[in-house]
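Undergrad: Provided below are the primary sequence and the corresponding predicted coordinates.
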Amino acid sequence: MSNDLIGYRTICITGGTGSFGNAFATHVLTTCHDVKIRIFSRDEYKQSIMRTQLGDDRMSYLLGDVRDIERLRLAFHGADLVIHAAALKRIDSAEYNPLEYIQTNVGGSANVVRAAIDCGVRRSILLSTDKAVSSVTTYGSTKALAERLWVQANVYAPSGPVF
């Protein structure tokens, strides 16, 4: 088993059908034989492709959006580790659709925090971007706010999940 994943039995990846989710799932499946992975994403087509490519019984696929906290709670139930990779990512699109980016990248991240606390997830990791540092774009600003929410979550759950 990979040293970094000792003790984790169920991992849920939001936005799990993206490039990170595919690479991470492939790595875990080849190095950690007793770990189960839940892929949480809103793209049923990408889930179908991933299911066909990986074809592993340790994988499960849940349709959902990080804007839906109840669906997140269902996905996180019994998970030891949550990796939050779900986000809207196109810089140009963010400038034309700022509210969508705020609702997904900031509000969705807040929902992931709440659901992880509610479900007693031991550890939660946020994937961010280099665009959050000295952000000048809408996308970078939403990711910077998500980072702040993430770090602050440790104050709200001092004996619960680690963010």
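TA: Nice, I can see it.
Undergrad: can you pull up the bridge partners for S60?
TA: On the basis of DSSP bridges, S60 is bridged to R38.
Undergrad: That one: how many residues sit nearby?
TA: Counted by other CB atoms under 10 Å, the residues lying close to S60 total 14. From N, CA and C alone the C-beta is placed, and that goes for glycine too.
Undergrad: any idea how far the residue positioned nearest the centre of the chain lies from E44?
TA: By CA atoms, centre = their mean, the chain has its centre lying nearest to H84, at 1.8 Å. Distance of H84 to E44, given as CB to CB, to the nearest Å: 20 Å.
Undergrad: Next: I102.
TA: On the measure of CB to CB, I102 and E44 end up 25 Å apart.
Undergrad: And T26, by the same measure?
TA: Counting by CB to CB - T26 and E44 are separated by 20 Å.
Undergrad: more neighbours, these two?
TA: Per other CB under 10 Å, whichever of T26 and E44 has more neighbours is T26, with 14 against 11.
Undergrad: check contacts around that one.
TA: L54 (CB atoms under 8 Å, 6 or more residues apart in numbering).
Undergrad: That one sits in which helix or strand?
TA: Counting by DSSP states H and E, the element that carries T26 is helix 19-31.
Undergrad: What mean pLDDT does that helix get?
TA: For helix 19-31, mean pLDDT is 94.
Undergrad: Return the list of helices and strands in contact with the longest helix along the chain.
TA: Ranked by number of residues, the top helix in the chain under DSSP state H is helix 138-156. Contact here means 3 or more CB pairs under 8 Å, 6 or more residues apart in numbering; DSSP states H and E; on that basis helix 138-156 packs against helix 91-96, helix 98-101, helix 108-119, strand 123-126.
Undergrad: Tell me which of these sits most buried.
TA: Most buried of the helices and strands packed on helix 138-156 by mean neighbour count (mean count of other CB atoms under 10 Å) is helix 108-119; its value is a mean of 22.
Undergrad: now the angle from it to helix 138-156?
TA: 20 degrees (axes from the mean of the first three to the mean of the last three CA atoms, to 10 degrees).
Undergrad: Use 54 as the first number for this chain going forward.
TA: Yep, numbering from 54; the last one is helix 161-172 now.
Undergrad: Many thanks, we can stop here.
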